[in-house]
Each structure stands twice: as C-alpha cells, then as structure tokens.
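Asks: turn this into a structure:
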Amino acid sequence: MKKRWKALCCALLASSLCACGSAGNEEGDREVTLILDYVPNTNHTGIYVAQDLGYFEDEGITLNIVEPGNDQTSATLVGAGRGEFGVSYQEDVTYARTAEDPLPIRAIATVIKHNTSGFVSAASKNINSPADFEGKVYAGWQSPSEEAVIRACMTKAGADPDKITIVGDSGDGFAALEGDVDIKWFFEGWDNVKAEMAGFALNYMPLNEYDERLDYYTPVLIASEDVIENDPQLVRSFLRAVKKGYQYAIDNPDESAEILAKYVPDYDIEFLKKSQAFLSANYTDDKENWGVMEDAVWDNYTDFMVEYGLIDEPIAASEQYTNEFITNLD
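Replies: Residues are numbered from 1 along each chain as shown. The predicted structure is shown next:
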C-alpha cells in the first residue's frame, strides 16, 4: 500500500487534469481548483449547485472543477499542490496520512453522513447475506481493502472467507449478475437506482449492517495542509458555498438534478432525479450540521484497517480530519 502511494505521487509530474465545470473569472475573484474523485455524479450535486447558483462567486471564488485523470487520485493531487481542495474517501485519506511519505492533506467535511454502499446479488440467486457467500464468485476492483471487507463480513456471518472466489470486474454493471458473477459491491444511490430502473431485482446487503466499523465516510472533502494552515479564510469561504449547495440539494432534489444535468448531459434526467432523490435524503441526518464528522467514525475504520493489515499502525483521528471550519463558517 505504501508503494502504491509513492508511485502515484511520482506519477504526478506527468499527469493532466480534465476540466468538467468552471465559472468565468471575475476581476478580484480567487482562482481555486477542486479535484473530483471520479466523474461528476450525484455525490457531487451540491458542488455543482453552488457553482450554478453563484454561491462560489458570492464568496469571491472562481472554482475550476476537474477530474483526476487515469491512475491518479484526488488525494495525491491535492497533496502535491495541484488543487486546493478535492473529493476523496476516508480510506484514501488514512492511506495518505500513514504512507511512508505522508501526504499533507486532511478531510474538512463529509459529503454523506453514512456509508451507503453494500454487496448485491441477483434476487433470483437467493444470496441474502455474507453467510451465503461460500462457493460464490465476487467481481470487483481486487484491492486489499475490498478483500478485507469481504473477509470481515463473511467471518462475522459465520462463513469461511477462504471459500469465495474474487475476480476482476468486467464493467457490465448489474447485468454481470445474471451470469457467472454472483456478488458485486454497489453504491445504493447510483448502481441500485440503475438496476431498479431496468427492472432488475437485487438483494442488497448494506456493509454497515455487518460491521459498524464499515460505516465510514465516503466521500469526503479534503484540503491541503498548506491551505488549512495558511489560508483558513479560503477554507471557510469554500465550505460556506458548498454547504449552501448541499442544503439546497437536500431541499430541492428535482431542481438539483436538473442543475447537475447541465454539466453531465449524457446521463438520463430521470435517472439523475431518482439518484438525487436518494442522495438528498441521505446526505445528512441534520441539514444544519451537514458535513460534520466524528472521531469515532475515523477511529473505527482505522481500527479495521490495522486489524486487516491495510496499515501498520493506528493514526489519530485529528491527524486525518478537522471540523474546525465546517462548524465555524462565520
């Protein structure tokens, strides 16, 4: 894992970033770059709402939203100074902070309060929990952390984790579950919605029902330590705009989906609306406290990563995230 991070950092010199939404520069505005974790989707709606409705402009920010590009992560790019802010994952932040050469980043807000991902299978295969995974085929990213989650869930369910076959994902989505693949890992607000709209019946098994430590933050907003330490007002300005965007999305799912559609016109608008309806209801338990994180969530997943050998030693939650800004935006 440490080698993985070092290699990614070295690759930055040759990387390129793909723009996917920016406001026109106004004289006096601060040019700021936000690096996404992936292609634009409903996890990012609040950001695009803030962009579209002028919330960043109100804060004196001209925001450039870019994708990370192949073989890059937002964590490595932000850590290398290629952007002030990024969209990442709790897991990636922990890897970054515990690497041989730790990356200077921290999470500054969570986008979604709870983990909304889980295992899925075709309902017709009668796979209802990790207890049924023995002798089955799982298709995914083949990452060490993914295998650790599978092993943990199977063990807690009383199954033998050595009796599942893990293969690479073909990219066929839910359709693969009709063939030799029995189980995949889906995000409820995106992949499950696609299956539902296609009339494909799934058995969905939320990760956080099998191990409370798997109720981690995904995704999160990150910032470079340089910005956190030397430009705290920029962090507050950025988060004020983003929080307003997500609060708007919580209250106005259909309108927010239509705003996002301007930036991702290739997606079907009805799909975006259904996906957004789910996310708007799940971004937070408390709209006024959107983005606020807890030590216990960071500590729990760090404990999980240590137990399964994903990192060598625990790291304090305070070294991975801060609520300093999201709870003090005035």
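
Asks: now Y267, what's its secondary structure?
Replies: coil (DSSP: H, G, I helix; E, B strand; the rest coil).

Asks: can you pull the contacts of it?
Replies: Counting by CB atoms under 8 Å, 6 or more residues apart in numbering, Y267 makes contact with A261. Where you see a C-beta, it was placed from the backbone N, CA and C, and this is true even at glycine.

Asks: let me see the ranges of the helices in this protein.
Replies: 2-11, 45-52, 55-58, 74-79, 90-98, 144-156, 193-197, 225-230, 232-251, 253-263, 269-282, 295-307 (DSSP state H).

Asks: which of these sits closest to S318?
Replies: helix 295-307 (7.7 Å; CB to CB).

Asks: can you tell me what sits against that closest one?
Replies: 90-91, 94, 145, 148, 152, 211-217, 310-315, 317-318, 320-321.

Asks: now the angle from it to helix 90-98?
Replies: Orientation check (axes from the mean of the first three to the mean of the last three CA atoms, to 10 degrees): helix 295-307 against helix 90-98 gives 70 degrees.

Asks: what's the offset of helix 295-307 from the middle of its chain?
Replies: 17 Å (CA atoms, centre = their mean, to the nearest Å).

Asks: then stretch 274-291?
Replies: 14 Å.

Asks: extract the C-alpha set from that stretch and format it as PDB.
Replies: Only the C-alpha atoms of stretch 274-291 are listed here, as PDB (Å, rounded to 0.1, in the frame of the first residue of the first chain):
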ATOM      1  CA  LYS A 274     -34.100   9.200  -8.900                       C
ATOM      2  CA  SER A 275     -30.500   9.000  -7.800                       C
ATOM      3  CA  GLN A 276     -30.700  12.600  -6.500                       C
ATOM      4  CA  ALA A 277     -33.900  11.800  -4.500                       C
ATOM      5  CA  PHE A 278     -32.000   9.100  -2.700                       C
ATOM      6  CA  LEU A 279     -28.900  11.200  -2.000                       C
ATOM      7  CA  SER A 280     -30.900  14.200  -0.900                       C
ATOM      8  CA  ALA A 281     -32.500  12.100   1.800                       C
ATOM      9  CA  ASN A 282     -29.100  10.600   2.800                       C
ATOM     10  CA  TYR A 283     -26.500  13.400   2.700                       C
ATOM     11  CA  THR A 284     -27.100  14.000   6.400                       C
ATOM     12  CA  ASP A 285     -29.300  13.300   9.400                       C
ATOM     13  CA  ASP A 286     -29.300  17.100  10.200                       C
ATOM     14  CA  LYS A 287     -29.300  19.700   7.400                       C
ATOM     15  CA  GLU A 288     -27.800  22.400   9.600                       C
ATOM     16  CA  ASN A 289     -24.900  20.100  10.600                       C
ATOM     17  CA  TRP A 290     -24.200  18.900   7.000                       C
ATOM     18  CA  GLY A 291     -20.500  17.900   6.700                       C
END
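
Asks: low-confidence stretches in this protein?
Replies: Residue ranges of the chain with pLDDT under 70: 1-28.

Asks: who's in contact with the residue at minimal distance from the centre of it?
Replies: Nearest to the mean C-alpha position of the chain, counting by CA atoms, centre = their mean, stands P219 at 2.5 Å. P219 sits next to 37, 43, 87-89, 110-112 when contact means CB under 8 Å, 6+ apart.

Asks: and Y248, by the same measure?
Replies: 46, 49-50, 53, 255-256.

Asks: what subset of these is buried?
Replies: 46, 49-50, 53, 256 (16 or more other CB atoms under 10 Å).

Asks: from the residues you listed, pick the one nearest T33.
Replies: A50 (14.9 Å).

Asks: distance of that closest one relative to A123?
Replies: Distance of A50 to A123, given as CB to CB, to the nearest Å: 38 Å.
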